[in-house]
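Enquirer: Please find the sequence and the predicted model below.
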Amino acid sequence: MTLLHVDPPAPTSRWPAHIKLVAGDFSPTGTVMFESTGWPWSVGRRSDGCVELEWEDASFRITSDQIIIQADDPTAAVDLNWNILIATAYELGGTPALHGFMAATPSGQGVAVLGLSGAGKTTTGRALLAQGCTLVADDLIILDEVAIPAGRPFVRRADVDCQDDELDIGGKFREPAEITTTPVELTDMLVLCPDDVPQRTPLDALPAVNLLLQGSYVPFEVSPTSAKKRLSMMLAMLSKGVRVSAARSRTATPEEFARDLIDQAARSASA
């Protein structure tokens, strides 16, 4: 199989340097994990150390350090599926990926907002930025490989001074914002829960782990041991002092949620 190097989509500084992109043809070899019958059609396969994701116009063979792209326009295919490709590669390497919004507080703590789609992650994230925080990640949070919780600056966003038509390059958060350039230690997490989930804040270890496991970015198990690795990482996070709280969605304004999260991080830092 002939493989051709592919440059990551702009901004290239946001693409993980250790994950190489190459273009080439391949035949599916893994065991089917899922197959969508609706639109958009997709199928996922898994084999030892590898995940294959296929859509109608693009297919990817993903390992922890390489992604093979089979598409007419490989760069565009990566740009369209940026987050799930990064998340799957990291999960294959044993590093969890969470679905959420992360920011650095004015005093330097990393705070994150998690929750199901529609729970209010992005609106609460906007409120964090309006109160002086700096954007770390707007949809995908990658945790450090050695169990030191840190958000990686994987934000598919152009710089603050760009033109309006350059702002949205695939991410959910469309407004210009100052973006961190280095990992930020994660200290506090807020999980926005549906109305039918009992509220407990702050959370003890077991309920915290349960909610964090539900916030995984990858909706399938990339390997037979991935669930165990994810559980171990979550427990390691809590043992290092990461605080997890929960709140029912819409029981406060996004501004109130953001202010409480910033205040909690500041109080913990000064304790």
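Expert: It's in.
Enquirer: which residue ranges form the strands in the chain?
Expert: Along the chain, counting by DSSP state E, strands occupy 4-5, 20-23, 31-35, 42-47, 50-55, 58-62, 66-71, 97-104, 110-115, 134-137, 140-142, 150-151, 184-193, 243-248.
Enquirer: Please convert those strands to a markdown table, extending it with mean neighbour count, distance to residue 123 and mean pLDDT.
Expert: C-beta here means a position set from N, CA and C on the backbone, and glycine is covered the same way. Putting the strands of the chain into a markdown table (neighbours: other C-beta atoms under 10 Å; distance: least, C-beta to C-beta, whole Å; pLDDT from 0 to 100) gives the following:
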| stretch | mean neighbour count | distance to residue 123 | mean pLDDT |
| --- | --- | --- | --- |
| strand 4-5 | 10 | 40 | 90 |
| strand 20-23 | 18 | 33 | 96 |
| strand 31-35 | 12 | 30 | 91 |
| strand 42-47 | 17 | 29 | 94 |
| strand 50-55 | 20 | 29 | 95 |
| strand 58-62 | 22 | 31 | 96 |
| strand 66-71 | 20 | 32 | 97 |
| strand 97-104 | 27 | 9 | 88 |
| strand 110-115 | 26 | 9 | 91 |
| strand 134-137 | 24 | 14 | 85 |
| strand 140-142 | 26 | 17 | 83 |
| strand 150-151 | 24 | 19 | 48 |
| strand 184-193 | 24 | 10 | 88 |
| strand 243-248 | 20 | 13 | 89 |
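Enquirer: Out of these, the one nearest residue 201 is which?
Expert: strand 243-248 (4.1 Å; C-beta to C-beta).
Enquirer: Residues contacting the closest one from elsewhere in the structure, which ones?
Expert: Residues outside strand 243-248 that contact it (C-beta atoms under 8 Å, 6 or more residues apart in numbering): 187-195, 197, 199-203, 207-208, 211-212, 238, 257, 264, 268.
Enquirer: do the same with stretch 38-53
Expert: 26, 28-36, 54-56, 59-64, 81, 84-85, 88, 92, 220-223.
Enquirer: pLDDT weak spots in the chain?
Expert: Within the chain, the segments meeting pLDDT under 70 span 1-2, 11-13, 144-177, 181, 195-200, 271.
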